[in-house]
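[1] I would like to see how this sequence folds:
(2 chains)
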There are 2 protein chains.
Amino acid sequence: MSAVTATSTGRVAGVVNLTELPAAVDDVLDGFFQATAPILEAIYPTVGEAGDALRDFVMTGGKRVRPLFVFAGRQCAAAGPPLANGDKITLIETPDELRETLRVCAAIELIQACALVHDDILDRSDTRRQNPTVHRRFEAVHADRGWASDSGHYGDSAAILIGDMALAWADDLFHGAMPTPDAVADPPHRPIPFAASAVWSRMRTEVLAGQFLDITNEVSGDESLTAAERVMAYKTAAYTVARPLELGATLGGASPELCAELHGIGIDLGIAFQLRDDLLGVFGDPAETGKPSGDDLIAGKRTALLAVALDAASDADARLLRSSVGRPISDAELAAARDVLIRSGAVAEIERQIADRRDVGLARIDALDCPAAARADLTSMAHRVTSRNK
Amino acid sequence: MSAVTATSTGRVAGVVNLTELPAAVDDVLDGFFQATAPILEAIYPTVGEAGDALRDFVMTGGKRVRPLFVFAGRQCAAAGPPLANGDKITLIETPDELRETLRVCAAIELIQACALVHDDILDRSDTRRQNPTVHRRFEAVHADRGWASDSGHYGDSAAILIGDMALAWADDLFHGAMPTPDAVADPPHRPIPFAASAVWSRMRTEVLAGQFLDITNEVSGDESLTAAERVMAYKTAAYTVARPLELGATLGGASPELCAELHGIGIDLGIAFQLRDDLLGVFGDPAETGKPSGDDLIAGKRTALLAVALDAASDADARLLRSSVGRPISDAELAAARDVLIRSGAVAEIERQIADRRDVGLARIDALDCPAAARADLTSMAHRVTSRNK
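    From the prediction side, this is the model:
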């Protein structure tokens, strides 16, 4: 962890700031992949290739948004209530505590790796971060080597198992139990606090449930705002912001009240984040979003934007909009669908909701009983995830 | 846990024996599904159906072989070396300790649920334990409800996420961190010992690596005995016997030496178990195995039986055998392939290896410094997993 030079008395805020965090998390991930590579290689060389694919996927790109919120939550907990003797109990005082926080940050990136590798199978995506998706990578391996049977099915199968590996390894990192033979010789300085394990548990259930709901809404054509809101709440808001903040706070031994408040702030910001993403999914510039124009419409995503528009639009406009969902559309069809979203008032409504959620979140951050530096970091994250230029 | 009535002084061996264990594990699993059902249902009713499918899958059938080995390992640890003052430190003295052991037993069944649900996608299986596989169940849901897009792809997608849920929940059960809101109010009596977490970590990596190797060998046509042996060692022996035994022992605080010896015994028994399974996969009676005649040949499984036969057979016989692998075959073709396996000497060789591994394992069990009851249970498990009638 070359970027990290905590001393036994250094506060983490003085050692790693939000700008430096992604590199510090990458160092932990890199160390993990270096430690696991020989294990997989020893099992069999082709298994080593599975590990290489996961490493390449995790280490190439990714904004480390969830780790940033874990870290922000951990910093908030640094202002936990003083003990009766006046001591503060929740500072990151030692390199061990810093290592634990960074390990949890790395762990959550492996959850994200599982989610994306499996999502790419579900969405039949060919590329991710300008590279072939993991299932396409192994489809190509199969085809290039002239192996038997179906290349596409082998690619999917390999990617299912590699996603599973990421999910299992996420838990290993979270609990500090490496799959290396010498793991027992180098245990973490303490077991993860039970309160943090409980948040970790809820977070994983919520993101998987939200994802299940998302794919089901797409095919069932559930147009209700409730269904769209639940996907936002669980797949995005809880998983991307609320639980990571809470997770960081529980690592610092924060009170249940502070954890609950951070969770609430995270839901506000996370929903604003998703609503912004929904607008970008239809109106975003492909050069900036990295996705095709109108990607969400083509994919048939049941967003709040769509639900609000379908509810408010005239019958004719609703028909037009429905006809543009879940199939490839022309530029002219996309332009017509965008017009309906605007003239139904849905775009203005969603912008209003984003502003409301962001402003409520910002006010709640201001009111937190936390160090000013922690509040400032959280405020900057709030702006970052809700602005037009993420 | 109605089957369990541990007292604060009862040894676990007196409370739950191997015969009663599966029902006690089912009680824990049932309780877990009852606790998680309302959470999924509250997220959205369709998400509740995902939980129902996983519950049905886990609670319908399954021999709980891995829990039996966890329990057997835990019992062996009950004879850990006496302390200087003569006390034994590793008995299951309390209901809390028993609950922990049963929780870990239940956790490993959720790993198995993930493995099977995902395997069934990889193997394109239609049924499992006389029921539709999970991906076929959701394919049928999609078709029955007339949903949009591709029923098969929706079924696969749903089953990928449900397997992920099982894998995440396995870790929750292992660490005793339920995804329920009141989890923090009812924490486990202690964090899982780090030595047990390390075994848990290795076990999950090994089974996923072994499975990846298995599907890769099938398509690459790797005929080497080494490749087949590595699949046996990691996908079966480590995951089914060696690591569960070791896991149980680490829960009981067993010495590293006892853990290593149990792991070694587990590898012997686990390989014998897989070799037996390989024979049954070609020669087994469908009425007893629940699988079609010659299933392993049709699936193209690269077993040690096949590797030994290909190495020992005449060129003509090897060609005949190769032509029967990885495609549907007639009864006559199956009979011819069986003849090759027998006259090459491969069947006799594999039977010899099974007997050798079993006998070495039994001798090592006899030599364990463990209570007689623990050795007797382990001996009965050794016979069970290596015999012709499993």
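
[2] got the residue ranges for the helices in the stretch 251-390 of chain A?
    A:256-283, A:286-289, A:295-299, A:304-312, A:315-322, A:331-343, A:346-366, A:372-386 (DSSP state H, counting those that start in this stretch).

[3] Adding mean neighbour count, write these out as TSV.
    From N, CA and C alone the C-beta is placed, and that goes for glycine too. As requested, the helices of the stretch 251-390 of chain A are arranged in TSV below (neighbours: other CB atoms under 10 Å in any protein chain shown):
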stretch	mean neighbour count
helix A:256-283	23
helix A:286-289	11
helix A:295-299	20
helix A:304-312	22
helix A:315-322	15
helix A:331-343	16
helix A:346-366	17
helix A:372-386	19
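
[4] quick one, which of these is nearest to chain B?
    Each of the helices of the stretch 251-390 of chain A has some distance to chain B by CB to the nearest CB; the shortest is helix A:256-283, at 7.7 Å.

[5] Give me the helices and strands touching that closest one, please.
    Under the contact definition 3 or more CB pairs under 8 Å, 6 or more residues apart in numbering or on different chains; DSSP states H and E, helix A:256-283 sits against helix A:65-77, helix A:243-251, helix A:295-299, helix A:304-312, helix A:331-343, helix A:346-366, helix A:372-386.

[6] Surely residue A:223 is within a strand?
    No - using DSSP: H, G, I helix; E, B strand; the rest coil, the assignment for residue A:223 is coil, not a strand.

[7] For it, give me its contacts.
    A:302, A:306, A:307, A:310 (CB atoms under 8 Å, 6 or more residues apart in numbering or on different chains).

[8] Report the residue ranges of every domain in chain A.
    Domain segmentation of chain A under automatic domain parsing yields A:1-192, A:193-390.

[9] Check the offset of the shortest one from the chain's centre.
    Between the mean C-alpha location of domain A:1-192 and the chain-wide mean there is a distance of 12 Å, by CA atoms, centre = their mean, to the nearest Å.

[10] do the longest one as well
    Taking CA atoms, centre = their mean, one finds domain A:193-390 lying 12 Å from the centre of the chain it belongs to.

[11] Kindly provide the whole-number mean pLDDT of that domain.
    The average pLDDT for domain A:193-390 rounds to 93.

[12] Which residue is the nearest non-sequential neighbour of residue A:358?
    What sits nearest to residue A:358 in space, not counting adjacent residues and going by CB to CB, 6 or more residues apart in numbering or on different chains, is residue A:386, at 4.4 Å.

[13] Just to check, the one you found is in contact with residue A:279?
    No - the pair residue A:386 and residue A:279 fails to qualify as a contact (CB atoms under 8 Å) at a distance of 11.0 Å.

[14] Overlap in contacts, these two.
    Between them, residue A:386 and residue A:279 share these contacting residues under CB under 8 Å, 6+ apart: residue A:354.

[15] and residue A:181, what pLDDT?
    Value for residue A:181, per-residue pLDDT: 76.

[16] what residues are up against it?
    Per CB under 8 Å, 6+ apart, neighbours of residue A:181: A:39, B:202.

[17] try residue A:163
    A:113, A:114, A:117, A:118, A:121, A:134, B:160, B:164.

[18] Who are the contact partners of the residue nearest to the first one when sequence neighbours are not counted?
    Just to be clear, that refers to residue A:113. Take residue A:113 and drop its neighbours on the chain: the residue closest to it by CB to CB, 6+ apart is residue A:166, 4.2 Å away. Applying CB under 8 Å, 6+ apart, we find residue A:166 in contact with A:54, A:58, A:110, A:111, A:113, A:114, A:117.

[19] Verify the contact between residue A:250 and residue A:259 for me.
    Yes - counting by CB under 8 Å, residue A:259 is a contact partner of residue A:250 at 6.1 Å.

[20] Could you name every residue contacting both of those two?
    Contacts common to residue A:250 and residue A:259, judged by CB under 8 Å, 6+ apart, are A:195, A:199.

[21] Next, find the distance separating the most centrally placed residue in chain A from chain B.
    The centroid of chain A falls nearest to residue A:240 when counting by CA atoms, centre = their mean (4.3 Å). In this structure, residue A:240 and chain B are 16 Å apart, going by CB to the nearest CB, to the nearest Å.

[22] Might you report the residue contacts of the nearest residue to that residue once chain neighbours are set aside?
    Of all residues not flanking residue A:240 in the chain, residue A:270 sits nearest, at 5.4 Å (CB to CB, 6+ apart). Applying CB under 8 Å, 6+ apart, we find residue A:270 in contact with A:232, A:233, A:236, A:237, A:238, A:239, A:240, A:241, A:242, A:385.

[23] repeat for residue A:52
    residue A:37.

[24] so it sits in a helix?
    Yes - Residue A:52: assigned to a helix according to three-state DSSP.

[25] Redo the domains of chain A as JSON lines? Include distance to residue B:318.
    Shown next, in JSON lines, are those (distance: least, CB to CB, whole Å):
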{"stretch": "domain A:1-192", "distance to residue B:318": "17"}
{"stretch": "domain A:193-390", "distance to residue B:318": "46"}
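
[26] so who does residue A:349 touch?
    A:308, A:312.

[27] Can you name the residues of the stretch 1-150 of chain A that neighbour chain B?
    Listed as neighbours of chain B in the stretch 1-150 of chain A under the rule CB under 8 Å from any CB of the partner chain: A:36, A:39-40, A:43-44, A:46-47, A:50, A:114, A:118, A:121-122, A:124, A:142, A:145, A:147-149.

[28] give me the number of residues near the closest residue to residue A:271 other than its chain neighbours?
    Nearest residue to residue A:271, sequence neighbours excluded (CB to CB, 6+ apart): residue A:237, at 4.8 Å. Neighbourhood size, residue A:237 [other CB atoms under 10 Å in any protein chain shown]: 27.

[29] what are the phi and psi angles of residue A:132?
    Main-chain dihedrals, residue A:132, degrees, to the nearest 10: phi -60, psi 140.

[30] bridging residues for it?
    Beta-bridge partners for residue A:132, by DSSP bridges, are residue A:127.

[31] Verify the stated contact: residue A:51 with residue A:35.
    No - using CB under 8 Å, residue A:51 makes no contact with residue A:35, being 10.6 Å away.

[32] the more surrounded of the two?
    residue A:51 (23 against 14).

[33] quick one: contacts for the more buried one?
    Residue A:51 neighbours (CB under 8 Å, 6+ apart): A:33, A:36, A:37, A:40, A:41, A:165.

[34] Compute the distance between the closest residue to it other than its chain neighbours and residue B:270, please.
    Distances taken as CB to CB, 6+ apart place residue A:40 nearest to residue A:51, at 4.2 Å, with adjacent residues excluded. Distance, residue A:40 to residue B:270, using CB to CB, to the nearest Å: 20 Å.

[35] swap in residue A:358?
    From residue A:358 over to residue B:270 (counting by CB to CB), the distance is 56 Å.

[36] can you check residue A:231 too?
    Distance from residue A:231 to residue B:270, by CB to CB: 43 Å.

[37] One more: residue A:210?
    For residue A:210 relative to residue B:270 (CB to CB), the value is 38 Å.

[38] Same check on residue A:298?
    49 Å.

[39] circling back: wait, the residue nearest to the centre of chain A touches residue A:272, no?
    No - using CB under 8 Å, residue A:240 makes no contact with residue A:272, being 11.1 Å away.
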